[in-house]
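Participant: model the structure of this input:
(one chain, ligands or ions: 1)
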Amino acid sequence: MIKVAKFGGSSVADAGQFRKVRDIVRADPDRSYVVVSAAGKRFADDNKITDLLLLVNAHIAYHVDGTPLLKDIEERFSEIARELGVTYPIEEKFEEFSSVIRSLSPEYIVSRGEWFTARILAEYLGFPFLDAADVIVFHHDGTIDMERTKTRLKDAAARMGRFVLPGFYGATVDGTIKLFKRGGGDITGAIVARCLDATVYENWTDVSGFLSADPRVVDSPRTIHRITFDEMRELSYMGASVLQEEAIFPVREVGIPIQIKNTNLPEKRGTIIRETAEDNVREHLITGIAGRKNFMAVHIQKAHMSDKVGFLRRALSVFERYGVSIEHAPTGVDSFGVVVNGVDVRETIYAIVNELQQELKPDVINVVDQLALISVVGRNMNRRAGTSGRIFGALGEAGINIRMITQSSQEISIIMGVNNADFDRAINVIYHNFVESEMVEMPSRGDAQ
Ligand code: ASP
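Facilitator: Numbers count the residues shown, from 1 in each chain. This is a model prediction of the structure:
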């Protein structure tokens with residue numbers, strides 16, 4: 001078995017966290033390839049090293065003395081190294097880095113967060129250090145050169161047997177350091193897992209996996225133990241996120257599962273994300289609920305609209321002209337709605353409605369503001385008739401008005417629009433009726449109607 005274990009910033013925030021990481025790595029000899037983020041927050045008001053380095057860049061850009069800030073960053077690394085008995089000469093190396101800082105690119109400067117963290121971790125684990133600049137190859141347009149990256153990673157793995165690799169950055173073939181998006185250590189981990197044909201990509205973080213609802217809305221929601229990539233996309237899109245979105249694709253394409261685990265509670269099962277879930281097991285009907293507030297819906301009605309070729313396209317092109325992305329477009333026979341993110345149209349909604357009037361000459365046009373969208377996600381819903389009816393029934397009984405409904409074509413999610421004011425209550429009604437309690441025996445795919 002080959003396991004790629006990626007540890008996020010909170011897993012290496014201080015010496016105590018490093019010790020947990022060592023115990024986890026030692027507990028399983030298959031964990032030979034370790035990817036690490038820069039040290040993160042130790043407590044709520046603390047700063048991530050990456051944020052401090054971004055601040056260093058701002059000091060340089062505005063010609064403000066950044067020496068005290070650099071001292072703070074160095075002190076954090078030195079303290080960890082000292083407490084762990086790591087001998088890597090942090091002070092000397094940091095001094096070298098600081099003395100030439102004005103000649104370095106902003107991306108290079110930020111990448112040192114993961115670089116120093118990985119240096120310390122490598123020595124502490126007794127693993128060789130592998131610099132991401134030597135193996136994670138970027139094209140000049142910022143995309144990954146997967147071919148070259150794979151060759152280099154395979155060579156390194158064969159040569160070293162195991163390694164600690166800093167996440168979040170790589171380099172172009174001419175050696176220029178490039179960064180991924182924020183949270184991009186997850187992407188590095190996924191790329192390493194893919195290139196080394198890992199059995200599993202372990203993502204160690206500070207939560208015990210995906211939760212079935214937002215804990216700020218539902219009290220102690222249960223953890224989702226198994227989820228498919230599609231379900232996770234739906235939930236993340238609606239705001240429930242544990243992983244950097246782009247970290248999914250490299251592993252998904254080659255069928256490697258992702259296991260989310262908690263560094264602080266390693267005995268917890270966490271969440272396993274794979275292409276399909278197993279059949280014939282007792283499963284939850286609904287995997288999770290997520291949602292976001294502050295959408296806006298424009299409703300348009302025109303008699304015999306369904307006979308008019310291009311009517312919908314003309315409506316959508318008005319939104320396109322204003323650069324507004326459309327979230328949903330539920331349609332009826334002679335009416336349809338266009339749901340957009342409220343902030344995207346804050347300044348343009350009147351102009352858009354005006355153009356829609358002129359372009360389409362509708363019988364009725366109105367705007368519904370303060371709309372919240374709730375997505376109920378579950379791969380098992382398509383094998384159980386009547387689920388949506390029961391959800392709507394429960395909401396109706398609670399006196400919650402559903403203002404819009406759409407269902408994804410794979411039938412793994414039902415999206416409902418409710419008033420912002422009903423958002424929390426609607427989620428709780430669905431959670432307590434369907435997610436918390438309901439376990440169903442799933443027939444195997446062959447038996448499905
Ligand atoms: N250190 C980077 C960030 O804070 C990348 C990561 O943590 O994965 O965004």
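
Participant: OK, contacts around Glu147?
Facilitator: Residues in contact with Glu147, defined by Cβ atoms under 8 Å, 6 or more residues apart in numbering, are absent; none qualify. Every residue, glycine included, has its C-beta placed from N, CA and C.

Participant: where does it land on pLDDT?
Facilitator: Glu147 is assigned a pLDDT of 97 by the prediction.

Participant: could I get the buried residue list for the one helix or strand it maps to?
Facilitator: If you go by DSSP states H and E, Glu147 is part of helix 146-160. Within helix 146-160, the residues that count as buried by 16 or more other Cβ atoms under 10 Å are 149-150, 152-153, 156-157.

Participant: can you check stretch 183-197 too?
Facilitator: Along stretch 183-197, the positions that meet the burial threshold by neighbour count (16+ other Cβ under 10 Å) are 183-196.

Participant: again with stretch 109-123
Facilitator: The neighbour-count check on stretch 109-123 (16+ other Cβ under 10 Å) flags 109-123 as buried.

Participant: cool, and stretch 284-294?
Facilitator: Buried residues in stretch 284-294, defined by neighbour count with 16+ other Cβ under 10 Å: 284-293.

Participant: in strands, which of these appear?
Facilitator: Secondary structure defined by DSSP state E assigns 284, 288-293 of these to strands.

Participant: mind putting those into CSV with distance to Lys41 and pLDDT?
Facilitator: Rendered in CSV, the data for these read as follows (distance: Cβ to Cβ, whole Å; pLDDT from 0 to 100):
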residue, distance to Lys41, pLDDT
His284, 33, 80
Gly288, 26, 93
Ile289, 28, 95
Ala290, 24, 93
Gly291, 27, 94
Arg292, 25, 93
Lys293, 26, 95
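
Participant: thinking again about what came up before, restrict the buried residues of stretch 109-123 to contacts with the ligand.
Facilitator: The residues of the buried residues of stretch 109-123 that also fall near the ligand, by Cβ under 6 Å from any ligand atom, are Gly113.

Participant: and the strands in the stretch 151-300 of the chain?
Facilitator: Using DSSP state E, counting those that start in this stretch, the strands found in the stretch 151-300 of the chain span residues 163-166, 169-172, 177-179, 200-205, 226-228, 258-262, 271-274, 282-284, 288-301.

Participant: put together a markdown table for the ones you listed, with distance to the ligand on each row.
Facilitator: Output for the strands of the stretch 151-300 of the chain, formatted as a markdown table (distance: least, Cβ to the nearest ligand atom, whole Å):
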| stretch | distance to the ligand |
| --- | --- |
| strand 163-166 | 9 |
| strand 169-172 | 9 |
| strand 177-179 | 8 |
| strand 200-205 | 10 |
| strand 226-228 | 21 |
| strand 258-262 | 14 |
| strand 271-274 | 18 |
| strand 282-284 | 30 |
| strand 288-301 | 22 |
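
Participant: look up the closest residue to Lys302, ignoring the ones flanking it.
Facilitator: With Cβ to Cβ, 6 or more residues apart in numbering as the criterion, Lys302 has its nearest non-adjacent residue at 4.6 Å, and that residue is Pro362.

Participant: next one: that neighbour from Thr271, what distance?
Facilitator: Pro362 is 46 Å from Thr271, where distance means Cβ to Cβ, to the nearest Å.

Participant: list phi and psi for Val364.
Facilitator: When quoted as degrees, to the nearest 10, the phi and psi of Val364 stand at phi -140, psi 140.

Participant: tell me the contacts of it?
Facilitator: Residues counted as contacts of Val364 (Cβ under 8 Å, 6+ apart) are 299-302, 335.

Participant: let's see it at 6 Å
Facilitator: Gln301 (Cβ atoms under 6 Å, 6 or more residues apart in numbering).

Participant: over to Ala132?
Facilitator: The neighbourhood of Ala132, defined by Cβ under 6 Å, 6+ apart, consists of 165-166, 169-170.

Participant: got the phi/psi numbers for Arg269?
Facilitator: Recorded main-chain torsions at Arg269 are phi -60, psi -30, according to degrees, to the nearest 10.

Participant: do Ala385 as well
Facilitator: In this entry, Ala385 is assigned phi and psi values of phi -70, psi 150 (degrees, to the nearest 10).

Participant: next one: Phe129
Facilitator: Listed backbone geometry of Phe129 is phi -90, psi 130, with angles given as degrees, to the nearest 10.

Participant: gap between it and Glu114?
Facilitator: Applying Cβ to Cβ to Phe129 and Glu114 gives a distance of 11 Å.

Participant: go on, Val207?
Facilitator: For Val207 relative to Glu114 (Cβ to Cβ), the value is 21 Å.

Participant: what residues of stretch 208-228 count as buried?
Facilitator: Of the residues in stretch 208-228, those with enough neighbours to count as buried (16+ other Cβ under 10 Å) are 208-214, 217-218, 221, 223-228.

Participant: can you narrow the buried residues of stretch 183-197 to ones near the ligand?
Facilitator: Among the buried residues of stretch 183-197, the ligand is touched by 183-186 when using Cβ under 6 Å from any ligand atom.

Participant: show me the contacts for Val367.
Facilitator: With contact set as Cβ under 6 Å, 6+ apart, Val367 has these partners: Val298.

Participant: show me what it is bridged to.
Facilitator: Val298 (DSSP bridges).

Participant: how about the helices in this structure?
Facilitator: If you assign secondary structure with DSSP state H, the helices in the chain sit at 15-26, 49-61, 67-84, 90-99, 106-125, 132-135, 146-160, 185-195, 229-237, 248-252, 311-321, 349-360, 387-397, 423-430.

Participant: show me what from the chain comes close to the ligand.
Facilitator: Checking the chain against the ligand by Cβ under 6 Å from any ligand atom, the hits are 8-9, 37-38, 48, 50, 113, 167-168, 182-186.

Participant: which residues does the nearest residue in space to Lys293 that is not next to it in sequence contact?
Facilitator: If you skip the residues right next to it in sequence, Lys293 has Ala372 as its closest partner in space, 4.3 Å away by Cβ to Cβ, 6+ apart. Remark: with contacts taken as Cβ under 6 Å, 6+ apart, Ala372 is in contact with 291, 293, 418, 420, 423.

Participant: repeat that with 10 Å
Facilitator: With contacts defined as Cβ atoms under 10 Å, 6 or more residues apart in numbering, Ala372 is in contact with 291-295, 403, 416-424, 426-427.

Participant: which residues does it bridge with?
Facilitator: Val418.

Participant: from the stretch 301-449 of the chain, which residue is nearest to the ligand?
Facilitator: Val343 (23.1 Å; Cβ to the nearest ligand atom).
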